[in-house]
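Peer 1: here is a sequence with its predicted model. Questions after.
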Amino acid sequence: MINSYLQGASQQEDHAIHLLFSANRWEAAEKIKQLITSGTDVVIDRYYYSGCVYSAAKRNPAMDLAWCRNMEVGLPRPDLCLFLDVSAEDAARRGGFGTERYEKQDLQNRVRDLFAEMRIHPDENEDMVVIDAGGSMDAVHDAIQQIVIERCLGVGNREERQPLRVIKPW
């Protein structure tokens with residue numbers, strides 16, 4: 001159902017599709033907790049940040065960023081979120097852009113603004129690192145690698161294991 005929606009093959013009411021995306025994260029939450037508790041590093045593409053900003057970017061007056069994020073409260077909180085910052089215009093010039101429902105320049109500009117809005121809040125600001133993705137593939141790779149290594153070393157060097165963090169209300 002979600003893939004069909006993303007490909008534009010089906011329509012869903014804004015609240016319903018947001019809740020489906022959130023339910024998908026909740027379905028994986030227990031497994032994520034088990035992996036982290038056992039000492040396994042978990043890498044997830046997008047996660048709750050994208051779900052919140054993409055839903056809020058639709059400009060449905062009943063679905064602001066805070067409303068969208070509220071569904072995520074209680075999920076495991078990441079140690080790091082890499083935001084690959086590139087203008088919608090630059091992204092559109094790259095191959096493969098525009099094949100999914102959300103790959104429209106005006107929506108991408110709004111998404112970028114909403115990620116900036118998320119960083120106003122202390123928890124998200126602590127976890128989110130912005131990487132200039134307008135450079136070469138090698139430069140972006142090097143920036144990502146440096147940040148991930150530093151963060152993983154920081155998490156791994158703690159004398160005692162920290163309790164699993166969860167997303168808290170704003």
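Peer 2: Sure, I can see it. If you're wondering where the values come from, they're calculated on a predicted model, not measured in any experiment. Numbers count the residues shown, from 1 in each chain.

Peer 1: pLDDT below threshold where in the protein?
Peer 2: By pLDDT under 70, the low-scoring segments of the chain are 1-9, 95-103, 155-161.

Peer 1: same thing but at 90, please
Peer 2: 1-14, 17, 36-37, 39-41, 45-46, 79, 86-108, 151-164 (pLDDT under 90).

Peer 1: pull the CA atoms of the lengthiest helix in it into CSV?
Peer 2: For the chain, the helix with the greatest residue count under DSSP state H is helix 14-37. The C-alpha coordinates for helix 14-37 follow below in CSV (Å, rounded to 0.1, in the frame of the first residue of the first chain):
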residue,chain,number,x,y,z
ASP,A,14,-3.1,12.6,4.3
HIS,A,15,-3.7,11.5,7.9
ALA,A,16,-4.1,7.9,6.9
ILE,A,17,-0.8,7.6,4.9
HIS,A,18,1.1,9.4,7.7
LEU,A,19,-0.3,7.0,10.2
LEU,A,20,0.7,4.0,8.0
PHE,A,21,4.3,5.3,7.7
SER,A,22,4.3,5.8,11.5
ALA,A,23,2.8,2.3,12.1
ASN,A,24,5.6,0.9,9.9
ARG,A,25,8.2,2.4,12.3
TRP,A,26,6.3,1.2,15.3
GLU,A,27,6.2,-2.3,13.8
ALA,A,28,10.0,-2.3,13.7
ALA,A,29,10.5,-0.6,17.1
GLU,A,30,10.8,-3.7,19.2
LYS,A,31,13.4,-5.3,16.8
ILE,A,32,15.4,-2.1,16.8
LYS,A,33,15.4,-2.0,20.6
GLN,A,34,16.5,-5.6,20.8
LEU,A,35,19.4,-5.0,18.4
ILE,A,36,20.6,-1.9,20.2
THR,A,37,20.3,-3.6,23.6
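
Peer 1: what lies in contact with that helix?
Peer 2: Defining contact as C-beta atoms under 8 Å, 6 or more residues apart in numbering, one finds that helix 14-37 is touched by 1-2, 5, 12, 42, 44, 47-48, 51, 55, 58, 60, 62-63, 68, 71-72, 75-76, 164. Glycine gets a C-beta too; all of them are placed from N, C-alpha and C.

Peer 1: which parts of stretch 16-36 are buried?
Peer 2: 17-19, 21-22, 25, 28, 32, 36 (16 or more other C-beta atoms under 10 Å).
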